[in-house]
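S.K.: predicted structure and sequence below. I'll ask about it afterward.
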Amino acid sequence: MTHPPNVRPAPPRRAPEQAPAPAPAAVPPQRGGRAVVTERLRAAATTEPGRLQIIGAVLALLVVAFGAVTAFEVSGRAASADDVVTHSQPLSADAADIYSSLADADAAAASGFLAGPQEPSQVHDKYVADIDEASRLLVKAAANTDSSTESGHEITTLNKELPRYTGLIERARASNRQGLPLGGAYLRYANQKMANEMLPAAERLYEAETGRLGQDYDSARTWPFFSLGIGVIALIVLFWAQRRNFHRTNRVLNHGLLAATAASLVVLLWLAVGHSVARSDLSDANTRGQQSLDVLNRARIDSLKARANETLTVVARGAVLTADGKNDKYETDYGTGMKALVAELDKAAKLAEDTHDTVGSEPVAKAVTGVTEWQSRHRTARKTDDSGDYDTALTQIIGTADSAKGSTGESFDRVDDALKRALAHEQEEFTRAAKDGRGALGGLPIGAAALAVLGAVAAIVGVNRRLSEFR
């Protein structure tokens, strides 16, 4: 195509430029749930109805928290108090009885051997009864104790060694009936097993169970400071809410808030008084019962060990010496046991005096008198034996076939009977006081929870009554 002269061709058309795309609108940041709640609370706090709703919610939460924490803490202390009565103290008593039964069986076996080939039936029956009692208590303890614990280990040891001990005693008895001197060796070996293996295991079992009893005592007697603190805070906030209501409305009473305050005050007083009574009763159970039981149990064990050593002194007739080779081992052990017995009886008498326990002091005094008589008769028997009059010394130790009157055995029986009566009395004192302590906490967990719910409902009703005035 030709263009006319002097005419320029039109420039080529450009494609129209596209306008730049608009920038995306900024997305507002998402607010978390806590921020939303905070904003709503701030908005509500700007109006009196909103403020009242917040106050009502806080009051209800405080009262409910007070009841829940009280129920939780007191339940734990009540469970510990119940363990003291039904579990740890009975196990501690059983452990002491295991020790006593084993020591008594050892003393009876030695006395029966010393009596000659024809063992007195009452002595044999006593030995059998002691072994049966120890076996029964070991079965009971095993059923109530975890085998992996220290107590479980000691129970296993005793269950393993008890048949071995009785087997040695039967061999000693059979040899004695045949007039063989080997019987004395079997008896001494059995006594060594008892003294060196079984009684230490029984003592460790007793210490472990007594330690667990102490832990239950401490747990039951610990003050519930958290519950008391929340209770005081709840009462302060309730008082402030009623004071605020009075200044804003000139109304003296708000029945709902007053009921919530009364419920919280009842729970707080119940908690403080109930726990104080429980602490007092459990302290009595410890000082008037368990401490005396511990001392008396040790005294009885010392007396039983001393009696076994006394009879073995006559059986061995100087064949077993102390490590230095200078003194008779059994006579030395007898003296050590009697010193420990006198010391424990002095402690028991002091405890009875401090607690003004006239009933408990009477058998302890008789035990002290019996020990003095026992020591005097023992010295006489030793002089007789040392002078070469074995038969008379034997009579002074175990008495005659018809009667043990005037013997050290008679004195030992008096001491043992007195200690048994003292132990029975202290066990009654412990059980009574411990049950009273447990009873002081009874019903408090459920009562605190129920009153807290009522108090929370009453607080909400009281606030809603005030809110209704704005509608």
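M.R.: Great, that's in hand.

S.K.: need the residue closest to the centroid of this structure.
M.R.: With distances taken as CA atoms, centre = their mean, the residue of the chain nearest its centroid is Leu213 (2.3 Å).

S.K.: check the offset of the longest helix that the chain contains from the chain's centre.
M.R.: Ordering each helix of the chain by length in residues (DSSP state H) puts helix 48-83 first. On the basis of CA atoms, centre = their mean, to the nearest Å, the separation between the geometric centre of helix 48-83 and that of its chain is 29 Å.

S.K.: confirm the residue nearest to the centre of the chain sits in a helix?
M.R.: Yes - assessed with DSSP: H, G, I helix; E, B strand; the rest coil, Leu213 lies in a helix.

S.K.: chain neighbours aside, what residue packs nearest to it?
M.R.: Nearest in space to Leu213, with sequence neighbours left out and distances taken as CB to CB, 6 or more residues apart in numbering, is Ser88 at 4.1 Å. Glycine gets a C-beta too; all of them are placed from N, C-alpha and C.

S.K.: just to check, the one you found is in contact with Asp218?
M.R.: No - Ser88 is not in contact with Asp218 according to CB atoms under 8 Å; the separation is 11.4 Å.

S.K.: and these two? Which one has more around it.
M.R.: Summary of the neighbour comparison: Ser88 and Asp218, criterion other CB atoms under 10 Å, with Ser88 having more neighbours (21 against 11).

S.K.: which other helices and strands contact whichever strand or helix holds Leu138?
M.R.: Under the assignment given by DSSP states H and E, the secondary-structure element containing Leu138 is helix 121-143. Packed against helix 121-143 by the contact rule (3 or more CB pairs under 8 Å, 6 or more residues apart in numbering; DSSP states H and E) you find helix 89-114, helix 150-177.

S.K.: and the gap between Leu258 and Lys305?
M.R.: Shown here: Leu258 relative to Lys305, a distance of 68 Å by CB to CB, to the nearest Å.

S.K.: so where's the stretch 101-250 of the chain uncertain?
M.R.: Counting by pLDDT under 70, the low-confidence segments of the stretch 101-250 of the chain come to 249-250.

S.K.: let's see that with 80 instead.
M.R.: Of all residues in the stretch 101-250 of the chain, those with pLDDT under 80 make up the ranges 114-116, 181, 245-250.

S.K.: give the buried residues for the helix or strand containing Gln427.
M.R.: Using DSSP H and E, Gln427 falls within helix 408-441. Counting neighbours by 16 or more other CB atoms under 10 Å, one finds that the buried residues in helix 408-441 are 408-412, 414-416, 418-419, 421-423, 425-427, 429-430, 433-441.

S.K.: re the thing from before, what residues does the helix holding Leu138 touch?
M.R.: For helix 121-143, contacts defined as CB atoms under 8 Å, 6 or more residues apart in numbering pick out 91, 94-95, 97-98, 101-102, 104-105, 108-109, 111-112, 115, 151-152, 155, 158-159, 162, 166, 169, 205.

S.K.: one more: stretch 194-208?
M.R.: Stretch 194-208 is contacted by residues 92, 95-96, 98-99, 102-103, 106, 141, 149-151, 154-155, 157-158, 161-162, 165, 297, 305, 308 when judged by CB under 8 Å, 6+ apart.

S.K.: what of stretch 343-351?
M.R.: Where contact means CB under 8 Å, 6+ apart, the residues beyond stretch 343-351 that reach it are 287, 291-292, 295-296, 298-299, 302, 357, 361, 364-365, 367-368, 371, 422.

S.K.: could you check how far it is from the centre of its chain?
M.R.: Relative to where its chain is centred, stretch 343-351 has its mean C-alpha point 24 Å off (CA atoms, centre = their mean).

S.K.: if we can go back for a sec, looking at the contacts of stretch 343-351, which two lie furthest apart in space?
M.R.: Thr287 and Val371 (24.6 Å; CB to CB).

S.K.: same drill for the two, tell me which one is more crowded.
M.R.: Val371 (23 against 16).

S.K.: ignoring the adjacent residues along the chain, who's closest to the more buried one?
M.R.: The shortest distance from Val371 to any residue other than its chain neighbours is 5.7 Å, reached at Val415 (CB to CB, 6+ apart).

S.K.: could you do Ala448 as well?
M.R.: Spatial nearest neighbour of Ala448, excluding adjacent residues (CB to CB, 6+ apart): Thr70 at 4.1 Å.

S.K.: residue contacts, that neighbour?
M.R.: For Thr70, the contacting residues are 224, 227, 230-231, 267, 271, 444-445, 448-449, 452, by CB under 8 Å, 6+ apart.
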